[in-house]
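# Kindly return the folded structure for what I paste below:
(chains A and B)
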Amino acid sequence: MKDKIIKGRALHIIENGTYIDDIDTDMIFHNSFLAITEIEKMGQHAFGNLDGWKDFPSTAKKGDVLVVGKNFGAGSSRQQAVDCFTALGVTLIIGESFGAIYKRNAINAGVPLIELKDFNSKDLIGCSELKIDLEKGIIMDLQDNKVAECKPFSKVQMDIYQNGNLFEYGKKMRG
Amino acid sequence: MGKTIIEKILQEHCVDDIDVKSGEIIWIDIDKRTARDFGGANVVKNMSKYFDDDSVQDVSKTLFTFDCVVPAKTIPYANNQHICRQYAREKNISVYDVNAGIGSHVAIEEGHAYPNCTFIGTDSHLNILGAVGAFGQGMGDQDIAFSFKTGVNWFEVPPTMKINLKGDLPDNVGAKDLILFLIGKLGSKGALGKAVEIYGDAIAKLNIDQRITVGSMGTEMGAIILFLKPDTILDGYFKFVKAENKKLFSADDDAEYIETFEFDISNIKPLIACPPKPDNVFEVSEIAAKKILVDSVFVGSCTNGRITDIKEVCEILKGKKVHPRVMMKVVPATMKVYGEMLKEGLVQILYDSGVIVSNPGCGGCASGQIGMTGTGEIQLSTSNRNFKGKQGNGDTYLVSPATAAYTALTGYICGEEDL
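Residues are numbered from 1 along each chain as shown, chains lettered A, B, ... in the order given. Okay, the predicted model is just below:
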């Protein structure tokens, strides 16, 4: 069983004190690197095309939690835009909203994606570490104070997440 | 709380015993899983990459449809088609091969898609099936392989938006003008992530072909799918389908809508979407005043490749020659449409007018089955996307079949009044 409560250092993708909206898949993982298919080689290109965040791959650590703004991952269907964060050890992505295909790709890859319901971005930005209860849909600081609420994981998301990815789950469901 | 059309279809197909409502992520049974020549080879590769046994869960519910580049004119496309063909032969899966036409249209004609079925494939315009009350959806090659193997997939139930149309369409205004009107009003993100239901007396007067035209462009306003007021016309059309779960759903009176819009359509005019976006919509008469010279005209695609569309074009062209500066191309959506064109003498009319007629398929949209546009070329197209590079290097304007035909005769973008 994978943890249903995830704890980690929070990496807030912000500019002038607010989350950056509309970060598209070309800013996350530029199309000039699409030929890369090995996950371990993808990490070094994460946010390679997002102004001010080019050193992100050297600052991210295993176990980090990414916090982003609205419409994160809009644009193309490239899986690398999800996998590059997995390569760096990011365990979970929290955002106000996501591009539809990005969301599908992340859920299928077993990457927990959290959509925020009700929050004050200042409270969230102030947290250097976060604790997320996937089942209850609560985001807390390390003192267990609630800082935001999210939609609890659906059965589908939990099934895929617990099995690693969509295909591992598929093997199990059809024996 | 009552349910919208999408909520009813997904409730019927939900594999778990839960009350389906918008925002929920649910597992659904997929009645038909398909792959086309674009993406199909990757689906086949995924089957052996991710599963020890690469056979599909139910052969009778699995299909290949080739329509993008038919017959293949590049070696990569030929290879990809043949990877699918060989896999299909080995597994005894049906293939609608390069002669058949556009997969989504073949699915409707052959009864693979019908009211209340769930139908997925690698075609991003598969939500066109909303036109016949089905839940169609394009997905990536991993998702399709997963459903080939398991027969299910997950979906987040979208919220539904309602559009009420007031009045009737004027005589010289067609289904394409209607959907361009709605895209112009709502914009390319106007229905982002939502299911759309369209109501009004005008809808009841649309035949199947015209419903397909409207349904085909939900994608261009960001919609998950677009449903037209259910109508007896669909009941009649699908009498021949013996599917157990065939049901033509209406929304409940107390269904919940995230937004409701009302538009008066009784005064709308023929419309045109100027490059480079489908929501860049103007009245044809405004653009006609600029006397923009046109190099090529394409009639076809999943939006306007039906017999109704080609008949309309022929009525305008009959006995007249296409302007010498214009190359005009007509591509029927399917072999059945092509057969009807022959039977009704439409091929002769097009021939006499100097039009290129090709075998059925996606035509001008995907990788240029019937040619691409060169730099500086101005093309009028009845298709659904005019993004830069989509149909070549030239500039593409999106119009109805009638506007395409009038323009082909004069050589510049115009409407009926300019003849």
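
# Leaving out chain neighbours, which residue sits closest to whichever residue of the stretch 151-300 of chain B sits closest to chain A?
Residue nearest to chain A within the stretch 151-300 of chain B (Cβ to the nearest Cβ): B:W154, separated by 4.4 Å. For glycine as for every other residue, the C-beta is placed from the backbone atoms N, C-alpha and C. The shortest distance from B:W154 to any residue other than its chain neighbours is 4.4 Å, reached at A:V156 (Cβ to Cβ, 6 or more residues apart in numbering or on different chains).

# okay, the one you found: pLDDT?
Note on A:V156: pLDDT of 90.

# any idea how far B:T160 is from it?
A:V156 sits 20 Å away from B:T160, going by Cβ to Cβ, to the nearest Å.

# what's the answer for B:G167, then?
Relative to B:T160, and taking Cβ to Cβ, B:G167 is found at 23 Å.

# what about those two, which has more around it?
B:T160 (26 against 14; other Cβ atoms under 10 Å in any protein chain shown).

# Not including adjacent chain positions, what is the nearest residue to the more buried one?
B:T4 (3.9 Å).

# Assumed B:T396 was part of a strand.
Yes: the assignment for B:T396 (DSSP: H, G, I helix; E, B strand; the rest coil) places it in a strand.

# isn't it right up against B:N384?
No: if you go by Cβ atoms under 8 Å, B:T396 and B:N384 don't touch, sitting 10.6 Å apart.

# residues in contact with residue 39?
I went with chain A, as the question did not name one. By Cβ atoms under 8 Å, 6 or more residues apart in numbering or on different chains, the contact list for A:I39 reads A:D83, A:T86, A:A87.

# look at chain B instead
Under the contact definition (Cβ under 8 Å, 6+ apart), the residues listed for B:G39 are B:T122, B:G140, B:D141, B:I144.

# ok, now how distant is the third one from B:V59?
As for B:D141, its distance to B:V59 is 19 Å (criterion: Cβ to Cβ).

# When those two are compared, which one has more neighbours?
The residue with more neighbours, out of B:D141 and B:V59, is B:D141; 19 against 13, by other Cβ under 10 Å.

# how near is the residue lying closest to that one once chain neighbours are set aside to B:Q142?
Setting aside the residues directly before and after it, B:D141 is nearest to B:N42 in space (Cβ to Cβ, 6+ apart), at 3.8 Å. From B:N42 across to B:Q142, the span is 8 Å (Cβ to Cβ).

# Settle it for me: which of the two has more neighbours?
B:Q142 (22 against 19).

# any idea how far that one lies from A:G73?
Distance from B:Q142 to A:G73, by Cβ to Cβ: 16 Å.

# for A:L166, same thing?
17 Å.

# where exactly do the helices run in the stretch 1-150 of chain B?
Assignment of helices within the stretch 1-150 of chain B using DSSP state H, counting those that start in this stretch yields the ranges B:5-13, B:40-50, B:75-91, B:103-109, B:141-150.

# Below-threshold pLDDT in chain A: ranges please.
Counting by pLDDT under 70, chain A has low-confidence residues at A:174-175.

# Up against chain B, what does it have?
Contact residues (Cβ under 8 Å from any Cβ of the partner chain) of chain A with chain B: A:77, A:79, A:100-101, A:103-105, A:107-108, A:151, A:154-157, A:160, A:166-167, A:170-171, A:173-174.

# ok so, going back, more neighbours, A:L166 and A:G73?
A:G73 (28 against 24).

# what residues are up against B:T375?
Taking Cβ under 8 Å, 6+ apart, one finds B:N393, B:G394 in contact with B:T375.

# no wait, B:R211
For B:R211, the contact set (Cβ under 8 Å, 6+ apart) comprises B:A131, B:V132, B:A175, B:L228, B:I233.

# Tell me which helix or strand comes right after the host helix or strand of it.
Secondary-structure element containing B:R211, defined by DSSP states H and E: helix B:208-215. Sequence-wise, the next helix or strand downstream of helix B:208-215 (DSSP H and E) is strand B:225-228.

# what packs against that following strand?
helix B:5-13, strand B:135-138, strand B:195-199, helix B:208-215 (3 or more Cβ pairs under 8 Å, 6 or more residues apart in numbering or on different chains; DSSP states H and E).

# Within range of chain A, give me the residues from chain B.
Residues of chain B found near chain A, taking Cβ under 8 Å from any Cβ as the criterion, are B:16, B:23-27, B:50-52, B:57, B:139-140, B:142-143, B:146, B:149-150, B:152, B:154, B:156, B:193.

# and with 10 Å instead?
Chain B has residues B:15-16, B:18, B:23-28, B:46, B:49-53, B:57, B:124, B:139-143, B:145-156, B:158, B:189, B:192-193, B:222, B:224 near chain A, with proximity defined as Cβ under 10 Å from any Cβ of the partner chain.

# Mind checking which of those residues are buried?
The neighbour count (16 or more other Cβ atoms under 10 Å in any protein chain shown) marks B:24-28, B:46, B:50-51, B:57, B:139-143, B:145-156, B:158, B:192-193, B:222, B:224 as buried among the residues of chain B next to chain A.

# quick one: which of the helices and strands packed on strand B:225-228 is nearest B:R33?
Across the helices and strands packed on strand B:225-228, B:R33 has its closest neighbour in strand B:135-138 (10.9 Å, Cβ to Cβ).

# now that closest one: mean pLDDT?
94.

# ok, the closest residue to B:A131 other than its chain neighbours - contacts?
Nearest non-adjacent residue to B:A131, counting by Cβ to Cβ, 6+ apart: B:G215, 3.0 Å away. By Cβ atoms under 10 Å, 6 or more residues apart in numbering or on different chains, B:G215 lies in contact with B:104, B:125, B:127-134, B:136, B:175, B:179, B:196, B:198, B:223, B:225-228, B:302-303.

# and what of B:I102?
B:36, B:65-68, B:70, B:96, B:108, B:123, B:125, B:128, B:300-302, B:305, B:331-334, B:337, B:360-363, B:365-366.

# give me that answer again for 8 Å
Neighbour list for B:I102: B:T65, B:D67, B:S301, B:C302, B:G305, B:A333, B:T334, B:P360, B:G361, B:C362 [criterion: Cβ under 8 Å, 6+ apart].

# and what of B:L165?
Here B:L165 is in contact with B:I198, B:Y199, B:G200, B:D201, B:A202, B:I203, B:E262, B:F263, B:D264, B:I265 (Cβ under 8 Å, 6+ apart).

# among those residues, which ones are buried?
Taking 16+ other Cβ under 10 Å as the criterion, what is buried in the contacts of B:L165 is B:I198, B:Y199, B:G200, B:A202, B:I203, B:F263, B:I265.

# What values do phi and psi take at the closest residue to the second one other than its chain neighbours?
In other words, B:Y199. Using Cβ to Cβ, 6+ apart and skipping residues adjacent in sequence, the residue nearest B:Y199 is B:K229, 4.8 Å away. Taking degrees, to the nearest 10, you get phi -40, psi 120 for the backbone angles of B:K229.

# Does B:K229 touch B:D201 like I think?
No: B:K229 lies out of contact with B:D201 (Cβ under 8 Å); the separation is 9.2 Å.

# Can you say which two of the contacts of B:R211 are spatially most distant?
Maximum distance among the contacts of B:R211 (Cβ to Cβ): 14.4 Å, for B:V132 and B:A175.

# which ones among the contacts of A:I39 are found in helices?
Among the contacts of A:I39, the members found in helices (DSSP state H) are A:D83, A:T86, A:A87.

# which one of those residues has the most neighbours?
Going by other Cβ under 10 Å, A:D83 tops the ones in helices among the contacts of A:I39 with 23 neighbours.

# For that one, which residues are in contact?
A:I39, A:M42, A:A109.

# Around the last one, count how many other residues there are.
Other residues near A:A109 come to 21 when the count uses other Cβ under 10 Å.

# you'd agree it is up against A:V82?
Yes: between A:A109 and A:V82 there is a contact under Cβ under 8 Å: 5.3 Å.

# and stretch A:8-24, how far from the chain's centre?
Computed by Cα atoms, centre = their mean, to the nearest Å, the chain-centroid distance of stretch A:8-24 equals 12 Å.

# Same check on stretch B:99-115?
11 Å.
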